[in-house]
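Q: Sequence below, structure please.
(one chain, ligands or ions: 1)
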Amino acid sequence: MVLAAARTAFMFADNDGDGFLDYEEMKELMQRMMGNDDPLVVVEEVKRMFCLDDPLGGCRSNLTYEDFVLLLNECSVDSALFGSLLQFGADTIEVGVEERLRGLSGASSAAVPRESSSHILDDGSPAWRESIEAAFDLCDETNTGQINKDVLDGAVLKYPLIAQLLRVPVDVTPDDRQEYMRNLYDSIDDNHSDFIDRAEWIRFFCADREAVPRPTEWDEEREDCHRITGFIFDCDGTIYQPDGLIPGAEDVLTWIERSGRQYVLLSNNGALPYSAVYDKLSRCAFECKPDGKPIPPGCIYTAHDSQVDFMLSGHLPTGSKLLVLAPDEQWKTEMRERMPELFDSWEIADDMDVDTAKEWSQRAKDEKVAIVFFHDGVIAQPWSYGLIHAMTILINAGADFIYTAEDHCNPSTDPLYEGVIFPMPGPGMFVEMLKNSMPPGTGGSQTFCCGKGGNVGRTFMIDRAIQMLKAQGHVGERDRIVVIGDRFDTDVRAGVLAGTKSCLLESGAHRLEMADEFPTDIPSYTCKSIAKILPQSERLRKAEDLRRSRAKAVSKNSWVRAGSVMEGIVEPRESRRAPSKNENKRRAKKLLKRACLGRPHGV
Ligand SMILES: [Mg+2]
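A: The predicted model follows:
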């Protein structure tokens, strides 16, 4: 609880939102915390904080959150800082907002640009709104749903953090302070009813949603979109759905090729290499031939490939011990071909009992031990309780956890339910399970996610894709490259992390209205589907071509048919109707589906 309060205090005190507390910010916080104590004592206390235990032997110029928490550890329990935080935490529990603060403590305060007109902590995230609601509950002690002037004044005196939230000036005369509070109160009470209700409170603090950057609709003919020349596409939900290619995908790739731009397709599939995607895009309902030709070499890469590269990059030294869960042996073949000596030096297990895990865990301090997932959510052999137990032991002993993606679900279809997309477990579901078993505070240093949006994926997937674009002839900085995909937490995040542009397509897993769930994954652009990536003029030209070719086909068919009827080759339409072109198309599509599907989730 004290830690949650410390986190909140740190966030509130960090006036400029740079993630550090400088001397002035700390002094202001301490003045609030220590109330009417002698200002000299405050100054002394702050000086002590900045000069205590500095690793370089001098005084720090600012404090990180970690420094702040460490200092809190050093504090005696009767110090002002510790006492105030404890009081704040206890009062918060009393009014029943413990849960909300807990949420706040886990909130990300990543660098989202904010305008000076909004509160510096207003990153537009659900956590900000929750903290504002928690502050309302804190003031409204009697649960009336309303705050009057006296109640607000009382809360400001009682809770230093409410004073911080309201930006009440510290070093002013009591009259000026009252004047400030009066003006502030009138600003929040916007219907002048002489009390503040919850809606007014939230409107005041959360109203400036424009402070958070919003993605703009992709329009290729606008200058900022037109200058983009490198395209990195996600596959599932972007280029294809479980039942075939998404309309427009082939046209977009054709336009990119013909206009001298470059593209790469990235699949987050952890089970299959790039060659499987090439294969998929050459058959049946998935066939994709930009400009009438197969997709050229050097344009496709998967999370599986990225993970193979990562594992061979030196991260796993000779003699490493690996528990690898994979659907097949393909990864072994690839690695043995590329680095046979290193591969043969590894001790590899594809299942494990608890006794072996205990034995490995004892060697984890001196030798590299890792759990590796190559599966894409489909578990080839049933996982026993013993295996999960064994993995928990290894993870807790500090084993590395290497996996391809954090997608919680994958889409699938069933010929019995035409047009319905069913979810099936993705790798992320199992990744979360193991992450939950890690000791607190160790997760970040032992996990390695190699796919899009992952910590290692930034180098091994996106940087690799950028190299592939360059190899095709792409020139220009990263702001001329866009990552286009259907998920905030993989595709958009990959673009944000790599410093390229990003575009959310609403044709797959995520919709723009889910943006609040991903406060730090803010795309540069949005677009309904891949077909809309084409410039407007190109789409009109295509529509016109289609209309002409249809008109031509109809008139040709009717002449041929009329001639045949006259010559008695076919019977007139009334007596035996031939299947229409659309009916034929529908039949062909069904046959194709039957031939191509049957496998639930491909690549
Ligand atoms: Mg996708």
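
Q: Please determine how far the closest residue to R338 other than its chain neighbours is located from A349.
A: Counting by C-beta to C-beta, 6 or more residues apart in numbering, L312 is the residue found nearest to R338 once chain neighbours are left out, at 6.0 Å. All C-beta atoms are positioned from the backbone trio N, CA, C, and that covers glycine. Distance, L312 to A349, by C-beta to C-beta, to the nearest Å: 19 Å.

Q: So I395 is in contact with M438, correct?
A: Yes. Contact status for I395 versus M438: in contact at 5.6 Å, counting by C-beta atoms under 8 Å.

Q: anything in contact with each of the two?
A: Shared contacts of I395 and M438, defined by C-beta atoms under 8 Å, 6 or more residues apart in numbering, are found at 401, 446.

Q: So which of these two has more stuff around it?
A: Using other C-beta atoms under 10 Å as the criterion, I395 and M438 rank with I395 on top: 26 against 18.

Q: Skip the chain neighbours and tell me the closest residue to A397.
A: Counting by C-beta to C-beta, 6+ apart, A397 lies nearest to S361, which is 3.5 Å off, once chain neighbours are set aside.

Q: Flag every residue of the stretch 301-450 of the chain that's near the ion.
A: Remark: no part of the stretch 301-450 of the chain is in contact with the ion, using C-beta under 5 Å from the ion.

Q: low pLDDT regions in the stretch 301-450 of the chain?
A: 442-444 (pLDDT under 70).

Q: quick one: the residue in it that the ion sits nearest to from M30, how far?
A: The stretch 301-450 of the chain approaches the ion most closely through D407 (7.5 Å), counting by C-beta to the ion. Between D407 and M30 the distance, using C-beta to C-beta, works out to 46 Å.

Q: can you check M335 too?
A: 57 Å.

Q: Looking only at neighbour counts, state which of those two leads.
A: Neighbours per residue, other C-beta under 10 Å: of M335 and M30, the larger number sits with M30, 22 against 18.

Q: Excluding residues flanking it in the chain, which one is nearest that one?
A: V42 (4.9 Å).

Q: W383 too?
A: The nearest residue in space to W383 (C-beta to C-beta, 6+ apart) is L325, at 8.0 Å.

Q: ok, that neighbour - contacts?
A: Residues in contact with L325 (C-beta under 8 Å, 6+ apart) are 350, 371-375, 379, 383.

Q: Can you give me the pLDDT of the most centrally placed residue in the chain?
A: The chain has D489 as the residue nearest its centroid, 2.1 Å off, counting by C-alpha atoms, centre = their mean. In this model, D489 is scored at 89, pLDDT.

Q: Could you list the residues in contact with stretch 215-227?
A: So stretch 215-227 is contacted by 480, 503-504, 512, 522-527, 532-538 (C-beta under 8 Å, 6+ apart).

Q: following the helix or strand where V277 lies, which helix or strand shows up next?
A: Per DSSP states H and E: V277 is located in helix 274-280. Next in sequence after helix 274-280, counting helices and strands by DSSP H and E, comes strand 300-302.

Q: Which positions in the helix or strand harbouring the residue nearest to M30 come out as buried?
A: Using DSSP H and E, V42 sits in helix 39-51. Buried positions in helix 39-51, judged by neighbour count with 16 or more other C-beta atoms under 10 Å: 42, 45-46, 49-50.

Q: and what of stretch 354-365?
A: 356-357, 360-361, 364.

Q: of all those residues, which comes closest to S306?
A: A364 (25.0 Å; C-beta to C-beta).

Q: Could you measure from the nearest residue to that closest one once chain neighbours are set aside over to F430?
A: Excluding its sequence neighbours, the residue lying closest to A364 (C-beta to C-beta, 6+ apart) is A397, at 4.2 Å. Distance from A397 to F430, counting by C-beta to C-beta: 19 Å.

Q: Which one of those two is surrounded by more residues?
A: Between A397 and F430, F430 has the larger neighbour count (other C-beta under 10 Å), namely 20 against 16.

Q: So the more buried one lies in a helix, does it not?
A: Yes. Per DSSP: H, G, I helix; E, B strand; the rest coil, F430 lies within a helix segment.

Q: tally of neighbours for the closest residue to it other than its chain neighbours?
A: Closest residue to F430 apart from its sequence neighbours, by C-beta to C-beta, 6+ apart: F373 at 6.9 Å. Counted with other C-beta under 10 Å, the neighbours of F373 add up to 24.

Q: what does C409 give?
A: Neighbour tally, C409, other C-beta under 10 Å: 16.

Q: Any regions of the stretch 1-150 of the chain where pLDDT drops low?
A: Ranges of the stretch 1-150 of the chain meeting pLDDT under 70: 1-8, 12, 15-18, 31-39, 52-57, 72-127.

Q: Let's see that with 90 instead.
A: Within the stretch 1-150 of the chain, the segments meeting pLDDT under 90 span 1-145, 148-150.

Q: shouldn't Q330 be in contact with P273?
A: Yes. With contact defined as C-beta under 8 Å, Q330 reaches P273; the gap is 6.9 Å.

Q: what about the two, which has more around it?
A: Of the pair Q330 and P273, P273 is the one with more neighbours under other C-beta under 10 Å, namely 20 against 17.

Q: Can you list phi and psi of the more buried one for me?
A: phi -80, psi 180 (degrees, to the nearest 10).

Q: need the contact list for it.
A: Counting by C-beta under 8 Å, 6+ apart, the residues that P273 touches are 302, 304-305, 308, 330, 334.

Q: rerun that using 7 Å as the cut-off
A: By C-beta atoms under 7 Å, 6 or more residues apart in numbering, the contact set of P273 is 302, 304-305, 330, 334.

Q: how much space is there between it and K280?
A: Distance, P273 to K280, using C-beta to C-beta: 12 Å.

Q: how far away is W201 from G154?
A: As judged by C-beta to C-beta, W201 and G154 stand 16 Å apart.

Q: oh, I was asking about W383
A: With C-beta to C-beta as the criterion, W383 and G154 are 57 Å apart.

Q: Could you report the neighbour count for the residue lying closest to D400 once chain neighbours are set aside?
A: Nearest non-adjacent residue to D400, counting by C-beta to C-beta, 6+ apart: A370, 4.0 Å away. A370 has 21 neighbours, counted by other C-beta under 10 Å.

Q: hang on, isn't D190 packed against A199?
A: No. Taking C-beta atoms under 7 Å as the definition, D190 is not a contact partner of A199, at 9.7 Å.

Q: which regions of the stretch 451-600 of the chain lie under the pLDDT threshold?
A: Looking at the stretch 451-600 of the chain by pLDDT under 90, you get 453-455, 458, 476-477, 489, 496-499, 507-509, 512-522, 536-600.

Q: quick one, strands of it?
A: 481-485, 501-505, 525-527 (DSSP state E, counting those that start in this stretch).

Q: for the ones you listed, which one sits closest to the ion?
A: Taking these one by one with C-beta to the ion, strand 481-485 is closest: 5.2 Å.

Q: for whatever residue of the chain ends up closest to the ion, what are its contacts?
A: Closest approach between the chain and the ion, counting by C-beta to the ion: G237, at 3.6 Å. Applying C-beta under 7 Å, 6+ apart to G237 gives the contacts 411, 486, 507-509.
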